[in-house]
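Enquirer: fold the following, please.
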Amino acid sequence: MKNYIYFTLFLVILSIFMSCTSKNTFVKPEYRDKKIRNATLLIPPIVCTDIIHNEEIFNEIGISHAKEVYFSLFSDNFKKFLKSKSTFQKVDYLAYQLQSEFENYVLNLNEKEKINIDLPKKQIEFDSSGEVYILFLQDLIVSFSKEQKETSLPVKHYTVTGDTEKEAIFHSLKMYNYYIKLQTKYAIFDNTLCKVVSYGNVTVKEKYFMPKVIENLMEESINKLVKDILENTPFYNN
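Expert: Below is the predicted model of the structure:
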């Protein structure tokens, strides 16, 4: 019985990192067969990010720390991953809010799904030579969740209140799935021609065993998000 418990615990730890991505993206036909190099990509300030969490995972101090970590990681890594996975000569954040007139566009993803996203009505003027593209993110959400895993293991039916080694093992074997999910709508805007290049709705979901590895999971989620945004565009460096 003891060997069975340890073996089961080993199997649980083996499944610490599991991930999946869901994306519904569209590239405009006139950009599908192109390869664009040496252009500039600009990223407007990202605001209104919502962080949803399960109170059993993070207390108020914990979620505050998670927000700080997330914004720091996003700022540091989003631009870095965009540069490394693309053909852009320059990738940079805009240090100010865009002074331009925007309107809400309804963009078709497929026969059943559409997205609404705010984009410029006309070209935005920059002190920059060459082609300029702008990546707009909207409704960016990060969520943390804990879900009990369906299992036939008898340990699921134990209620443990003691603190012996054996009871601690049983307690640790309760089957839960922990998730971090990153989702956003986006559009890449050709500022030179004032046209949409690509757009979509992307979700990256990572499963992990304990919340203490959140920093690594956030970084991996951002990396996968960038790949999903760039893939099949004229800028993807594959």
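
Enquirer: in whatever helix or strand Gly200 lives in, what counts as buried?
Expert: Take DSSP states H and E as the rule and Gly200 turns out to sit in strand 195-208. Across strand 195-208, burial judged by 16 or more other C-beta atoms under 10 Å covers 196-208. No exception for glycine: its C-beta is placed from N, CA and C like everyone else's.

Enquirer: with adjacent residues omitted, what lies nearest to Ile36?
Expert: Distances taken as C-beta to C-beta, 6 or more residues apart in numbering place Pro234 nearest to Ile36, at 4.1 Å, with adjacent residues excluded.

Enquirer: again but with Lys34, I slipped
Expert: Pro234 (4.2 Å).

Enquirer: now do the contacts for that neighbour.
Expert: Neighbouring residues of Pro234 by C-beta atoms under 8 Å, 6 or more residues apart in numbering: Tyr31, Lys34, Lys35, Ile36, Thr87, Val197.

Enquirer: let's see 7 Å
Expert: Neighbour list for Pro234: Tyr31, Lys34, Lys35, Ile36 [criterion: C-beta atoms under 7 Å, 6 or more residues apart in numbering].

Enquirer: now Tyr233, what's its secondary structure?
Expert: You called it Tyr, but residue 233 is Thr. coil (DSSP: H, G, I helix; E, B strand; the rest coil).

Enquirer: distance of it relative to Asn104?
Expert: 23 Å (C-beta to C-beta, to the nearest Å).

Enquirer: more neighbours: these two, which one.
Expert: Set Thr233 next to Asn104 and count neighbours by other C-beta atoms under 10 Å: Thr233 wins out with 21 against 8.

Enquirer: which residues sit in contact with that one?
Expert: Thr233 neighbours (C-beta under 7 Å, 6+ apart): Val27, Tyr31, Ile188, Val197, Ser198.

Enquirer: report all helices and strands that the longest strand seen in the chain contacts.
Expert: Longest strand of the chain, by residue count under DSSP state E: strand 132-148. Packing partners of strand 132-148 (3 or more C-beta pairs under 7 Å, 6 or more residues apart in numbering; DSSP states H and E): strand 40-43, strand 50-52, strand 114-120, strand 176-190.

Enquirer: and the buried residues of strand 195-208, which is closest to Gly130?
Expert: Nearest to Gly130 among these, counting by C-beta to C-beta, is Val197 at 15.6 Å.

Enquirer: which residues does the nearest residue to that closest one once chain neighbours are set aside bridge with?
Expert: In this structure, Val197 finds its nearest non-sequential neighbour in Ile188, 4.3 Å apart by C-beta to C-beta, 6+ apart. Counting by DSSP bridges, Ile188 is bridged to Leu135, Ser198.
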